[in-house]
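Trainee: The following comprises the amino acid sequence and a computationally predicted model.
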Amino acid sequence: MIQNKKNSAPQALFGLTAAGKVFSCALAFAGCLSLNIYAVFACCAACFIASVFLKERILCPDAFLIVPLVFVAESVGREVLAVTVLIGAALYFLLSKIKNGIHMPASVMLGASVGLAFCVTVLLTTYYFGIGAHGATAFEMLKNYRYLGFHPNWRGVFYGTITLFAMITYPFKFRTLSKYLPAEVVSLVIPFVLNLFLNPDGASTPILETGSVSSLNVPFFVRDYFPVGTAEPTVQTYVAAVAQGAFALALILLIYSEKSGKIPLTTASANAASGILGGIPSLPAEIKSYSPSACAVAVASVAAVGCLAPSLTARLPLHSLAVVLIVSAWKKVPFSGFSKMFGTEKAPGAVFFAASLASFVFLDVFKALVVCMLLAMLSRASERRAA
């Protein structure tokens, strides 16, 4: 009995690890998508509770998932992000039941990963530099950058670069510590503290901050809790954008989520709950330990931050939040796959890789993923003919 109590204490403390990682990533999503802070709390609660059913996994907003959300938000408005995530979760669960699943050769998988990381970088660089560009796709955003020119907010770039450096170096320099204190927390705390000293007056701050998504003054309005109810009457453009965004979201969830055990059902359930209440999707990520006691600590700690320090949360530099997602996206790219691609697929693999990557550069995320699926089928057919 005494031994169990000794073991439960450190396990419960992993709730702080989970809270730091999930809250940081959810806040980055909310900041870059201009969502209300309630979306962050809803996402955190759904991730913490659902993760109890997983083993050494914690559901967390993933950088790749923001690409279809930006597409929908810029195409028809952020008000329909909630229903997009909800439908995407349902489609993901249905697709996960396909017996043989989706076979992705190394070349297409690598091209899709690099393409998605490229999209995240292009779409969120506007917040890193404070440019004010808009675009639903990477190509539209690149054209907008060309039109506006790069006129960065240098103090914001300074904060973002600190985050960039910390996100890259901290996990390598402190491998053990990073399993307990996530890189996302360290990378945001440093520019946050600097911002409080350099810009003490939030009303006249010269940088982009998350203040617009941190209001806790209107907790009784249903529209803040259920943004699905704020959308305009459904028209063809809304239906098309939501359908394409949801399908793209489902495919990304399917490609980058494990398909064994309870993971598909748990992931789909958490995303459905988060979708109904806010609109921030998530994917399983590794965590050293997680338990019901850790879940309780995680929920309590995030609730405490939200209730006791909303004004401080509002002072987080948006530049740094964007960089957290950009670096996280590139960390997901399996660069080791290059050797496998050239070793097994050779010249055709290089063509599939280039085609997959180009689709994300010039097309929207829905069309790009359809191209990747077609390339995967073509690769599979060529493998059968060779056999």
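Mentor: Great, that's in hand.
Trainee: Export only the CA atoms of the helix or strand harbouring Ala42, formatted as PDB.
Mentor: Using DSSP states H and E, Ala42 sits within helix 37-50. What follows is helix 37-50 as a C-alpha-only set of coordinates in PDB (Å, rounded to 0.1, in the frame of the first residue of the first chain):
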ATOM      1  CA  ILE A  37      -9.800  30.700 -25.300                       C
ATOM      2  CA  TYR A  38     -12.700  28.200 -24.600                       C
ATOM      3  CA  ALA A  39     -11.600  26.200 -27.600                       C
ATOM      4  CA  VAL A  40      -8.200  25.700 -25.800                       C
ATOM      5  CA  PHE A  41      -9.900  24.500 -22.600                       C
ATOM      6  CA  ALA A  42     -12.300  22.200 -24.500                       C
ATOM      7  CA  CYS A  43      -9.400  20.700 -26.400                       C
ATOM      8  CA  CYS A  44      -7.300  20.200 -23.200                       C
ATOM      9  CA  ALA A  45     -10.200  18.600 -21.300                       C
ATOM     10  CA  ALA A  46     -11.000  16.200 -24.200                       C
ATOM     11  CA  CYS A  47      -7.300  15.300 -24.700                       C
ATOM     12  CA  PHE A  48      -6.600  14.700 -21.000                       C
ATOM     13  CA  ILE A  49      -9.700  12.600 -20.400                       C
ATOM     14  CA  ALA A  50      -9.400  10.500 -23.500                       C
END
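Trainee: Give me the distance between the following helix or strand past it and the centre of its chain.
Mentor: Per DSSP H and E, helix 37-50 leads on to strand 57-60 as the next helix or strand towards the C-terminus. Its chain's average C-alpha position is 12 Å from that of strand 57-60, according to Cα atoms, centre = their mean, to the nearest Å.
Trainee: so what does strand 57-60 touch, helix or strand wise?
Mentor: Contacting strand 57-60 under the criterion 3 or more Cβ pairs under 8 Å, 6 or more residues apart in numbering; DSSP states H and E are the following elements: helix 2-33, helix 37-50, helix 263-277, strand 283-286. Every C-beta, even on glycine, is put in place using the N, C-alpha and C of the backbone.
Trainee: switch to 10 Å and redo it
Mentor: Counting contacts by 3 or more Cβ pairs under 10 Å, 6 or more residues apart in numbering; DSSP states H and E, strand 57-60 packs against helix 2-33, helix 37-50, helix 263-277, strand 283-286, helix 292-308.
Trainee: Would you reformat those as TSV and include mean neighbour count and distance to Phe71?
Mentor: Shown next, in TSV, are the helices and strands packed on strand 57-60 (neighbours: other Cβ atoms under 10 Å; distance: least, Cβ to Cβ, whole Å):
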stretch	mean neighbour count	distance to Phe71
helix 2-33	20	11
helix 37-50	26	18
helix 263-277	23	16
strand 283-286	18	18
helix 292-308	18	28
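Trainee: quick check: angle from the helix holding Ala42 to helix 292-308?
Mentor: Orientation check (axes from the mean of the first three to the mean of the last three Cα atoms, to 10 degrees): helix 37-50 against helix 292-308 gives 170 degrees.
Trainee: What average pLDDT does helix 37-50 get?
Mentor: Helix 37-50 comes out with an average pLDDT of 93.
Trainee: now swap in stretch 174-189 and tell me
Mentor: Stretch 174-189 carries an average pLDDT of 94.
Trainee: So what's the gap between that stretch and the chain middle?
Mentor: That offset, for stretch 174-189, works out to 18 Å (Cα atoms, centre = their mean).
Trainee: Any regions of the stretch 151-300 of the chain where pLDDT drops low?
Mentor: Residues of the stretch 151-300 of the chain meeting the criterion pLDDT under 70: 212-235.
Trainee: what ranges do the helices span in it?
Mentor: With helices called from DSSP state H, counting those that start in this stretch, the stretch 151-300 of the chain shows them at 154-173, 183-198, 222-225, 236-256, 263-277, 292-308.
Trainee: Output the ones you listed in JSON lines, with distance to Ser204 appended to each entry.
Mentor: Compiled in JSON lines, those are given as follows (distance: least, Cβ to Cβ, whole Å):
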{"stretch": "helix 154-173", "distance to Ser204": "13"}
{"stretch": "helix 183-198", "distance to Ser204": "12"}
{"stretch": "helix 222-225", "distance to Ser204": "27"}
{"stretch": "helix 236-256", "distance to Ser204": "37"}
{"stretch": "helix 263-277", "distance to Ser204": "34"}
{"stretch": "helix 292-308", "distance to Ser204": "25"}
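Trainee: out of those, which comes closest to Arg146?
Mentor: Arg146 lies closest to helix 154-173 among these, at 19.2 Å (Cβ to Cβ).
Trainee: Let me know the angle separating that closest one from helix 183-198.
Mentor: Going by the same axes, to 10 degrees, helix 154-173 makes 150 degrees with helix 183-198.
Trainee: which secondary structure elements does helix 154-173 contact?
Mentor: Under the contact criterion of 3+ Cβ pairs under 10 Å, 6+ apart, helix 154-173 touches helix 106-129, helix 183-198, helix 318-331.
Trainee: Kindly export that helix (C-alpha atoms) in CSV.
Mentor: This file holds the C-alpha atoms of helix 154-173, laid out as CSV (Å, rounded to 0.1, in the frame of the first residue of the first chain):
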residue,chain,number,x,y,z
TRP,A,154,11.8,42.9,-35.6
ARG,A,155,10.9,42.6,-31.9
GLY,A,156,8.4,39.9,-32.8
VAL,A,157,11.0,38.2,-34.9
PHE,A,158,13.4,38.4,-32.0
TYR,A,159,10.9,36.5,-29.7
GLY,A,160,10.1,34.0,-32.5
THR,A,161,13.8,33.3,-33.1
ILE,A,162,14.4,32.7,-29.4
THR,A,163,11.5,30.1,-29.5
LEU,A,164,13.0,28.6,-32.7
PHE,A,165,16.4,28.2,-31.1
ALA,A,166,14.9,26.7,-27.9
MET,A,167,12.6,24.3,-29.7
ILE,A,168,15.5,22.9,-31.7
THR,A,169,18.3,22.8,-29.1
TYR,A,170,16.6,22.1,-25.8
PRO,A,171,15.5,18.5,-26.6
PHE,A,172,19.0,17.7,-27.7
LYS,A,173,20.9,19.3,-24.8
